[in-house]
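**Q** Fold the following for me, if possible:
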Amino acid sequence: MATPLAYTAHYAHPADAVRAALADEQYWKVRIGEVGGPGARLDSFASDGDRLRVEMVQTIPASELPAAITSVRPGDLIIPRTETYEGLSGIFEAHVQDAPAKVRGTVTMTGAAASSQAVVDGSVEVSVPLFGKKIEAVVAEKLLELLAAETEFTNSWIAKH
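**A** Below is the predicted model of the structure:
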């Protein structure tokens, strides 16, 4: 059974401003460079009207991982991730390269004139006997840290642009 992943991003900007940032390829290039981890990269970006699809690869260095993970899967965690949006709603999927770990869920953005929020509702699933739940908890914790960093980056980006 998967571990739930729940996060709410709070933006000091209207939902339309957040969506406009998401539709800007330069936003993604800078964001992945600043919060994506060592060797992170933007693999593809496509924006067509109300639709948006972004493919990226992020990394969690082995030095930031507990022994529970590195004993099962040594080295950095390389995480291919895809986000797809239509309007203010989206889906995300990610997996850990060379490991039986998957993350998936939805993003729903709402807001008023001065602020907005994006609710992330998903799950982390690691298919490793005995250690799967422990690894899921660590992956979920690292993802929550990443989502918080991405929220902070987005607020800063919109304020500057």
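**Q** Helix or strand with the lowest mean pLDDT in the protein?
**A** helix 67-70 (a mean of 82; mean pLDDT, DSSP states H and E).
**Q** who does that one touch, helix- and strand-wise?
**A** helix 132-160 (3 or more CB pairs under 8 Å, 6 or more residues apart in numbering; DSSP states H and E). Every C-beta, even on glycine, is put in place using the N, C-alpha and C of the backbone.
**Q** Residue 141 versus the residue of the chain positioned farthest from its centre, what's the distance?
**A** Centroid-distance maximum for the chain: residue 130 at 26.4 Å, with CA atoms, centre = their mean. Distance, residue 130 to residue 141, by CB to CB, to the nearest Å: 19 Å.
**Q** just residue 109 next, same as before
**A** 24 Å.
**Q** higher neighbour count, these two?
**A** residue 109 (20 against 14; other CB atoms under 10 Å).
**Q** you'd agree the more buried one is up against residue 86?
**A** No - Residue 109 is beyond contact range of residue 86, at 11.4 Å (criterion: CB atoms under 8 Å).
**Q** rewinding a little: got the contact list for the least confident helix or strand of the chain?
**A** 62, 77, 131, 134-135, 138-139 (CB atoms under 8 Å, 6 or more residues apart in numbering).
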